[in-house]
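Novice: Could you work out the structure for the sequence below:
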Amino acid sequence: MEDINGLFLPNINYPADLKQYKEQDLEQIAQELRQYIIDVVSVNGGHFAASLGVVELTVALHYVLNTPYDKLVWDVGHQAYGHKILTGRKDVFHTNRILNGISGFPKISESEYDTFGVGHSSTSISAALGMAVASHYKGETDRQHVAVIGDGAMTAGLAFEGLNHAGIENSNLLVILNDNCMSIDPNVGALKEYLTNITTSKSYNRFREDISQVLFKLSELGPNAHKFVKKIEKSIKGTLLKQSNMFEALNFRYFGPVDGHDVQRLVQVIRDLKDIPGPKLLHCVTLKGKGFALAEKDQTKWHAPGLFDKITGEIKKSVSDKPQPPKYQDVFGHTLVELAEANKKIVGITPAMPSGSSMNIMMKAMPNRAFDVGIAEQHAVTFSAGLATQGLVPFCNIYSSFMQRAYDQVIHDVAIQNLNVIFCLDRAGLAGADGATHHGAYDLAYMRCIPNMTVAAPMNEEELRNLMFTAQQENAGPFSIRYPRGNGVMPDWKRPFKALEIGKGRKICDGEQVAILTIGHVGNFAVAACKELNSEGIHPAHYDMRFVKPIDEALLHDVFKRYKNIVTVEDGCLQGGMGTAVLEFMADHQYSAQVIRLGIPDEFIEHGEQAELWALCGYDTHSIISTIKKIAVGRTTETMAS
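Specialist: Numbering: from 1, shown residues only. Reported below is the predicted structural model:
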């Protein structure tokens with residue numbers, strides 16, 4: 001555990017401790033909190049720049065609000081490290097994102113101060129509004145409800161749905177817009193331009209400082225004064241900056257922009273806003289990575305940099321003399337450019353994850369053919385469908401867990417119309433330290449039940465390239481290709497393209513007694529398992545299915561005729577996944593065999609390193625070996641008995 005240095009932070013464990021200090025002490029407390037985040041994250045890893053940017057806001061909110069009675073909802077959760085440290089988790093903060101440690105995101109089961117579990121963006125306004133309406137229903141009129149949302153998350157449709165509803169409820173809701181022009185990558189779109197216009201309007205900003213104090217004083221005259229103040233304020237804003245009434249048009253009282261790093265000013269404003277009824281929006285301008293110079297300059301790189309030297313800023317990376325396999329996402333990015341050079345119809349789409357998905361490679365090489373649509377997965381899918389209707393071939397690249405947000409669009413806008421949209425699902429399977437909100441556990445199951453959809457997973461980099469090549473062929477229809485977070489297995493991966501027969505698997509090795517059926521990268525676990533088992537005289541067969549839909553029925557007929565013991569292995573949920581497809585085939589064709597399915601069980605898996613989680617769920621190399629040995633021992637015992 002890191003030593004906690006400073007005048008104040010060592011004595012602050014909960015918001016009640018924070019409230020014992022004077023307002024003039026808060027700047028020093030914020031500095032100490034920021035340094036503690038730097039100290040811990042530099043040696044333990046985690047999200048970094050986002051939390052540094054909201055340190056002052058975090059201190060101000062917990063200083064003014066009566067948390068946890070007042071409900072504070074953080075959007076996404078990347079920026080909630082300071083919140084965790086101030087709410088009873090300072091001494092265990094070093095376990096952040098580690099197996100059996102605290103979560104990297106707010107989590108209801110972890111703390112009463114975490115009012116809503118988050119990981120995917122743009123949920124905060126709707127959740128906080130639900131809490132506000134519930135408080136009104138229960139007569140808790142003194143309870144405050146605050147949603148902190150970034151300008152990147154504000155691009156999602158859900159955020160606007162929440163704003164639209166909140167505007168007619170007249171609930172006690174404060175939305176704080178944390179405006180830093182960033183999500184993970186720089187923000188895009190008209191909303192970014194709109195907010196920039198507000199923050200750079202000199203006439204508006206100069207006048208609002210003068211008028212804000214007058215309006216607050218008028219508000220104190222009584223309940224009838226609020227309506228009068230609101231009319232004055234709306235008229236002034238409409239006159240000074242025509243665009244500034246967007247939030248006002250949704251019946252929100254707009255305040256700002258304010259300096260999100262002036263902690264005493266934030267305390268004053270938040271305290272004043274507590275006494276104003278109805279929905280309000282406070283526009284805070286912050287700098288992602290504030291207080292760490294390198295993070296301020298390169299905010300994307302320092303979103304989650306891994307381990308680093310807090311003095312020099314050097315990011316620590318493992319070094320090997322041998323050539324290393326690339327990340328699957330980079331194979332995708334380079335392969336997409338290669339395919340696009342040969343096929344002028346190909347375009348790329350990603351919802352706000354160009355660097356995380358490596359779509360930025362195509363955006364740099366072919367900027368007019370690659371689109372970052374912002375945090376808007378539903379739009380990304382339907383936009384792709386629109387492109388496909390006009391003869392283009394869209395590669396829609398979305399994290400597996402984020403694709404869940406656009407499921408209706410996949411069915412309604414792509415599959416029903418049988419459009420050739422290629423879904424490249426990054427971070428499929430157990431994604432690691434981000435935990436349950438980010439594991440791509442369900443795509444095999446939720447994609448294979450959709451008519452017209454082809455569902456595939458490559459075992460290595462070469463197969464990923466060939467699946468992408470196959471998917472862009474004419475009349476391929478809707479196509480889903482999933483691949484995991486992290487590195488592949490082939491340093492020499494850039495090989496000539498080869499079209500694959502859709503729905504055909506391949507035999508990796510022949511064997512006896514038992515057959516192992518795998519889908520995707522986990523096939524490499526089975527290769528390693530077979531090698532060790534062979535050295536011990538046990539020889540299972542191994543098949544790489546490649547496709548879970550259409551599944552290779554000829555291969556399965558051969559397997560069920562030859563083997564009475566079958567083990568399926570997948571980095572996905574057991575309910576409805578590849579193993580289930582094999583059981584369905586067995587039942588439909590009246591075969592009889594012992595089928596053991598290895599994969600993600602019917603529960604939400606916590607955070608930890610990928611290898612730890614594969615072992616925990618029982619489908620890593622060691623687990624496959626153990627399973628096969630139990631079968632082999634059972635068969636040997638049966639033979640001896642007979």
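
Novice: Helices of the stretch 51-200 of the chain, residue ranges please.
Specialist: For the stretch 51-200 of the chain, applying DSSP state H, counting those that start in this stretch gives helices covering 55-64, 81-84, 124-137, 157-169, 190-200.

Novice: Reformat these as a markdown table; add mean pLDDT, mean neighbour count and distance to Ala415.
Specialist: In short, each C-beta sits where N, CA and C put it, glycine included. Formatted as a markdown table, these follow (pLDDT from 0 to 100; neighbours: other CB atoms under 10 Å; distance: least, CB to CB, whole Å):
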| stretch | mean pLDDT | mean neighbour count | distance to Ala415 |
| --- | --- | --- | --- |
| helix 55-64 | 96 | 26 | 43 |
| helix 81-84 | 95 | 26 | 40 |
| helix 124-137 | 95 | 20 | 27 |
| helix 157-169 | 92 | 18 | 21 |
| helix 190-200 | 62 | 15 | 30 |
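
Novice: Distance to Pro277 added to those helices, as JSON lines?
Specialist: Listed next are the helices of the stretch 51-200 of the chain as JSON lines, based on distance: least, CB to CB, whole Å:
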{"stretch": "helix 55-64", "distance to Pro277": "17"}
{"stretch": "helix 81-84", "distance to Pro277": "26"}
{"stretch": "helix 124-137", "distance to Pro277": "11"}
{"stretch": "helix 157-169", "distance to Pro277": "12"}
{"stretch": "helix 190-200", "distance to Pro277": "24"}
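
Novice: Of the ones you listed, which is nearest Cys284?
Specialist: Across the helices of the stretch 51-200 of the chain, Cys284 has its closest neighbour in helix 55-64 (6.1 Å, CB to CB).

Novice: For that closest one, give me every contacting residue.
Specialist: The contact list for helix 55-64 (CB atoms under 8 Å, 6 or more residues apart in numbering) reads 15, 18-19, 23, 26, 29-30, 33-34, 37, 67, 72, 82-83, 86-87, 146, 148, 176, 178, 260-263, 266-267, 270-271, 274, 284, 286, 290-291.

Novice: again, but for stretch 400-407
Specialist: Contacts for stretch 400-407 (CB under 8 Å, 6+ apart): 120, 351, 353, 377-378, 380-381, 398, 410, 423, 425-429, 431, 437-443, 446, 482.

Novice: Sheet-wise, list the partners of the longest strand seen in the chain with their directions.
Specialist: Secondary structure of the chain read by DSSP state E shows that its longest strand is strand 565-573. In the sheet, strand 565-573 lines up against strand 514-519 (parallel), strand 594-600 (parallel) (DSSP bridges).

Novice: Asn164: which of those strands is closest?
Specialist: Ranking the strands paired with strand 565-573 by distance to Asn164, with CB to CB as the measure, places strand 594-600 first at 36.4 Å.

Novice: Can you list the helices and strands that the following helix or strand past the closest one packs against?
Specialist: Sequence order places helix 610-617 as the next helix or strand after strand 594-600, per DSSP states H and E. Here helix 610-617 touches helix 621-641, going by 3 or more CB pairs under 8 Å, 6 or more residues apart in numbering; DSSP states H and E.

Novice: pLDDT wise, what is the nearest residue to His379 once chain neighbours are set aside at?
Specialist: Computed as CB to CB, 6 or more residues apart in numbering, the closest residue to His379 that is not its neighbour in sequence is Val373, at 5.6 Å. Val373 carries a pLDDT value of 93.

Novice: how much does the longest strand of the chain deviate in direction from helix 610-617?
Specialist: Interaxial angle of strand 565-573 relative to helix 610-617 (axes from the mean of the first three to the mean of the last three CA atoms, to 10 degrees): 130 degrees.

Novice: how about stretch 408-422: buried residues?
Specialist: Gln409, Val410, Ile411, Asp413, Val414, Ala415, Leu419, Asn420, Val421, Ile422 (16 or more other CB atoms under 10 Å).

Novice: for stretch 172-183, same thing?
Specialist: Neighbour-count burial for stretch 172-183, counted by 16+ other CB under 10 Å, picks out Asn172, Leu173, Leu174, Val175, Ile176, Leu177, Asn178, Asp179, Asn180, Cys181, Met182, Ser183.

Novice: Equivalent analysis for stretch 264-279, please.
Specialist: Buried positions in stretch 264-279, judged by neighbour count with 16+ other CB under 10 Å: Leu266, Val267, Gln268, Val269, Ile270, Asp272, Leu273, Lys274, Ile276, Gly278, Pro279.

Novice: quick one: the third one and Asp259, what's the gap?
Specialist: Translated: Gln268. Separation of Gln268 from Asp259 (CB to CB, to the nearest Å) stands at 12 Å.

Novice: tell me which helix or strand of the chain sits lowest on mean pLDDT?
Specialist: Sorted by mean pLDDT, DSSP states H and E, the helices and strands of the chain end with helix 202-219, the least confident at a mean of 51.

Novice: out of the helices of the stretch 51-200 of the chain, nearest to Ala304?
Specialist: Short answer: helix 81-84, nearest of those by CB to CB, at 11.6 Å.

Novice: I'd like the buried residues of stretch 408-422 written out as TSV, with distance to Ala249 and secondary structure added.
Specialist: Formatted as TSV, the buried residues of stretch 408-422 follow (distance: CB to CB, whole Å; DSSP: H, G, I helix; E, B strand; the rest coil):
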residue	distance to Ala249	secondary structure
Gln409	27	helix
Val410	32	helix
Ile411	33	helix
Asp413	29	helix
Val414	33	helix
Ala415	36	helix
Leu419	35	coil
Asn420	40	coil
Val421	35	coil
Ile422	39	strand
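
Novice: ok, back up a step: thought Thr350 was touching the residue nearest to His379, still the case?
Specialist: Yes - contact criterion CB atoms under 8 Å: Val373 and Thr350 qualify, at 7.4 Å.

Novice: Looking at the two, which one has more neighbours?
Specialist: Legend: neighbour count by other CB atoms under 10 Å for Val373 and Thr350, higher for Thr350 (29 against 20).

Novice: if we take the buried residues of stretch 408-422, which one ends up nearest to Cys573?
Specialist: Val410 (17.4 Å).

Novice: Can you tell me, leaving aside adjacent residues, what's nearest to the closest one?
Specialist: The shortest distance from Val410 to any non-neighbouring residue, by CB to CB, 6+ apart, is to Val381 (5.9 Å).

Novice: Check Glu161 too.
Specialist: Ser126 (6.7 Å).

Novice: thinking the residue nearest to Val410 is in contact with Ala415, fair?
Specialist: No - applying CB under 8 Å, one finds Val381 not in contact with Ala415, separated by 10.5 Å.

Novice: and the strands paired with strand 565-573, which is most packed in?
Specialist: strand 514-519 (a mean of 28; mean count of other CB atoms under 10 Å).

Novice: starting at the chain centroid, how far to that strand?
Specialist: Taking CA atoms, centre = their mean, to the nearest Å, the mean C-alpha location of strand 514-519 is offset from the chain mean by 31 Å.

Novice: now stretch 590-605
Specialist: 27 Å.

Novice: got the end-to-end distance for stretch 346-362?
Specialist: End-to-end distance of stretch 346-362: 11 Å, with CA to CA, to the nearest Å as the criterion.

Novice: swap in stretch 90-104?
Specialist: Using CA to CA, one end of stretch 90-104 lies 13 Å from the other.

Novice: From Leu174, how far off is Leu61?
Specialist: On the measure of CB to CB, Leu61 and Leu174 end up 10 Å apart.

Novice: joint contacts of those two?
Specialist: By CB under 8 Å, 6+ apart, the residues touching both Leu61 and Leu174 are Val146, Ile270.
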